[in-house]
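Visitor: The sequence and its predicted three-dimensional model are supplied below.
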Amino acid sequence: MQVSNASQTDIASVNGMAEEELRQRACSELLRQAAIAEGLLDANDPACADGVTSEQASIAIERLLELKVVVAEPSEQDCRRHHTAQLASYSSGERVRLRHILFAVTPGVDVVALRHRAETTLLDVRCHDGKNAEAAFAKAASTLSNCPSGAEGGELGWLRAADCAPEFASEIFGHTEVGVLPRLVHTRFGLHVVEVQEREAGVPQPFEAVHGAVAMTLRQHGYVTALRQYLALLEGQAVLEGV
């Protein structure tokens with residue numbers, strides 16, 4: 001793979017095809033070109049416009065991934081090992097009381113500046129303790145959060161995993177952390193500064209009751225790994241500039 005030291009004003013390209021921004025667009029273009037090379041898509045299919053592929057390209061890429069990204073079925077031993085290691089994740093009834101400060105990702109937002117504000121806020125609220133910490137978090141939520149809960153100091157009350165977006169729940173539930181989390185939580189809505197105020201442990205479920213869920217989780221993990229490996233292979237065969 002060839003990667004140029006392009007400046008911010010340079011135009012990135014994949015095998016000579018213009019790409020304005022974001023590695024995700026580059027990946028989409030790599031997959032589109034791979035689908036053409038495999039005879040799954042007409043060579044005259046237009047390149048991605050604003051990160052959006054044609055309907056034909058989307059269908060071809062889906063077929064390409066079916067052929068190239070093969071995931072082995074997890075064995076029962078693998079499932080049992082995962083269940084034992086992640087027992088808290090397969091508990092029912094767990095509840096968490098928390099509050100958050102949301103930095104929403106909206107069309108046109110400067111993501112780099114947004115992340116900087118979120119990280120600065122995270123550092124600030126973690127530098128307080130006791131009553132000062134409670135007041136500092138509430139003030140930051142009321143002035144900075146893009147969530148309606150900001151008016152209540154960021155309070156979300158008691159939640160179960162089913163009440164949250166999956167990517168949010170995976171960062172919060174099945175853990176033991178209490179207090180302001182030392183990391184930003186990334187979701188489809190944006191970046192969250194989160195404080196876990198209280199936890200109520202759930203009841204661990206036996207392996208037999210959650211076997212299907214465990215197997216699905218391992219399949220998803222396997223798919224992500226296989227997809228990354230396939231993309232790395234395509235990257236190694238491509239000429240990438242500014243990506």
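Guide: In hand now; what should we look at?
Visitor: could you list every residue that touches the nearest residue to Glu200 once chain neighbours are set aside?
Guide: In this structure, Glu200 finds its nearest non-sequential neighbour in Arg95, 4.3 Å apart by C-beta to C-beta, 6 or more residues apart in numbering. Quick note: C-beta positions are derived from backbone N, CA and C, even for glycine. In this structure, Arg95 makes contact with Trp158, Leu159, Arg160, Arg199, Glu200, Gly202, judged by C-beta atoms under 8 Å, 6 or more residues apart in numbering.
Visitor: how about a cut-off of 10 Å?
Guide: Under the criterion of C-beta atoms under 10 Å, 6 or more residues apart in numbering, the neighbours of Arg95 are Gly157, Trp158, Leu159, Arg160, Ala161, Asp163, Phe173, Glu198, Arg199, Glu200, Ala201, Gly202.
Visitor: so the fifth one touches Ser89, yeah?
Guide: Yes - counting by C-beta atoms under 10 Å, Ser89 is a contact partner of Ala161 at 9.1 Å.
Visitor: Overlap of the contact sets of these two?
Guide: The overlap between the contact sets of Ala161 and Ser89 (C-beta under 10 Å, 6+ apart) consists of Ala169, Ser170, Phe173, Gly174, Gly202.
Visitor: which of the residues you listed are buried?
Guide: With neighbours counted by 16 or more other C-beta atoms under 10 Å, the shared contacts of Ala161 and Ser89 contain buried members at Ala169, Phe173, Gly174, Gly202.
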